[in-house]
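K.L.:
Have a look at this prediction, sequence included:
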Amino acid sequence: MESALAVSRLPPQDPGTPVLSVVDMHTGGEPLRIVLAGCPEVSGPTLLAKRRYMRQHLDHVRRRLMFEPRGHRDMYGAVLVPSELPDAHLGVLFLHNEGYSSMCGHAVLALGRFALDFGLVPAPAAGTREARVNIHCPCGLVTAFVACEDGRSHGPVRFHSVPAFVLATDLMVDVPGHGKVVVDIAYGGAFYAFVSAEKLGLDICSAKTRDLVDAASTVTEAVKAQFKINHPDSEDLAFLYGTILTDGKDAYTKEPTTNICVFADEQVDRSPTGSGVTA
């Protein structure tokens, strides 16, 4: 009895320091830290306004959760907030080592299971094999479909994202150290630049991860400097999130291909990605 009580008690702490309660999950190895409680109220009439408010006034929460000693360089986070959309079960703001994303597929997959198991959506009817979870992301409403059994998640999760589109193809960019490089830019809830690693003198299957990250980051910065990103709905979504290096085979094969997604501040996605694959 005493042991159970000891586990439930918080250790002595400064009463002026907020206590953050989180649940850690992962999707294919890519982490997600979901904030359950302790985050100050995120003000704003819309989800994008809440995203701006958190960036301007609550960035210390992101840093506390994402960085050492509580997090690590590749940590990813989600703060649950109210949504203004009547069809949404929950709203979410995404956190990472650089700031705030507009979409995150691996987080949507994890949040689908989380919402079902933690009762954030109504329990599915008996015999239902897949529960629907409407998640309002900064890019728009995304629907996760969670395989379930007896009202609990059981098996895979899939999702329907916002419409994807190509912003630019065969864009010539002057990449320092590599000269003129042709890239494509596409949107899958966030914007990415796409380029074959071979064009940068790298074999994606044998090159060191550090070399791939350096090359992708150089492409990202070059595109940001030389090409203006536009989004048809909101300037809040008009930014380049990262660069995806491919094996160059995606244009002519139906077989699985290899890529690496480098986003935010040189963060490597440990999962196949969600918004990047959509793009």
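P.N.:
Now that the structure is in, tell me what you want to look at. Numbers count the residues shown, from 1 in each chain.
K.L.:
Taking the centroid of this protein, which residue is nearest it?
P.N.:
Taking CA atoms, centre = their mean, the centroid of the chain lies closest to Cys104, which sits 2.7 Å from it.
K.L.:
Would you tell me which helix is longest in the chain?
P.N.:
Determined from DSSP state H, the single longest helix within the chain is helix 209-226.
K.L.:
Render the CA-only coordinates of it in CSV, please.
P.N.:
Output of helix 209-226 as CSV, limited to C-alpha atoms (Å, rounded to 0.1, in the frame of the first residue of the first chain):
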residue,chain,number,x,y,z
THR,A,209,23.6,9.7,-42.6
ARG,A,210,25.5,12.8,-41.7
ASP,A,211,26.4,13.4,-45.3
LEU,A,212,22.8,12.9,-46.4
VAL,A,213,21.6,15.3,-43.7
ASP,A,214,24.2,17.9,-44.6
ALA,A,215,23.2,17.7,-48.3
ALA,A,216,19.5,17.9,-47.6
SER,A,217,19.9,20.8,-45.2
THR,A,218,21.9,22.7,-47.8
VAL,A,219,19.1,22.1,-50.4
THR,A,220,16.5,23.3,-47.9
GLU,A,221,18.3,26.6,-47.2
ALA,A,222,19.0,27.2,-50.9
VAL,A,223,15.3,26.7,-51.8
LYS,A,224,14.3,29.0,-48.9
ALA,A,225,16.6,31.7,-50.2
GLN,A,226,15.8,31.5,-53.9
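K.L.:
going forward, begin numbering at 9 instead of 1
P.N.:
In the new count, where the first residue is 9, that last one comes out as helix 217-234.
K.L.:
how far does that helix sit from the chain's center?
P.N.:
19 Å (CA atoms, centre = their mean, to the nearest Å).
K.L.:
what's the next helix or strand after that helix in contact with?
P.N.:
Downstream of helix 217-234, the next assigned helix or strand under DSSP states H and E is strand 248-254. Residues from elsewhere that reach strand 248-254 (CB atoms under 8 Å, 6 or more residues apart in numbering): 109-110, 191, 193, 198-205, 208, 210, 212, 220, 223-225, 227-228, 231-232, 237, 265-272, 275, 281, 283-284, 287. In this view, the C-beta of every residue, glycine as well, is placed from N, C-alpha and C.
K.L.:
Flag every buried residue along strand 248-254.
P.N.:
Buried residues in strand 248-254, counted by 16 or more other CB atoms under 10 Å: Leu248, Tyr249, Gly250, Thr251, Ile252, Leu253, Thr254.
K.L.:
Test of understanding: give the bridge partners of the first one.
P.N.:
If I follow you right, that is Leu248. Counting by DSSP bridges, Leu248 forms beta bridges with Phe199.
K.L.:
Next: the fifth one.
P.N.:
When assigned by DSSP bridges, Ile252 has beta-bridge partners Phe202, Cys269.
K.L.:
thinking Val87 is in contact with Gly46, fair?
P.N.:
No. Here Val87 does not reach Gly46: they are 10.3 Å apart, not a contact under CB atoms under 8 Å.
K.L.:
out of these two, which sits in the more crowded spot?
P.N.:
Val87 (23 against 12; other CB atoms under 10 Å).
K.L.:
Check the secondary structure at the more buried one for me.
P.N.:
Taken by DSSP: H, G, I helix; E, B strand; the rest coil, the conformation at Val87 corresponds to strand.
K.L.:
low pLDDT regions in the stretch 9-158 of the chain?
P.N.:
Within the stretch 9-158 of the chain, the stretches with pLDDT under 70 are 9-18.
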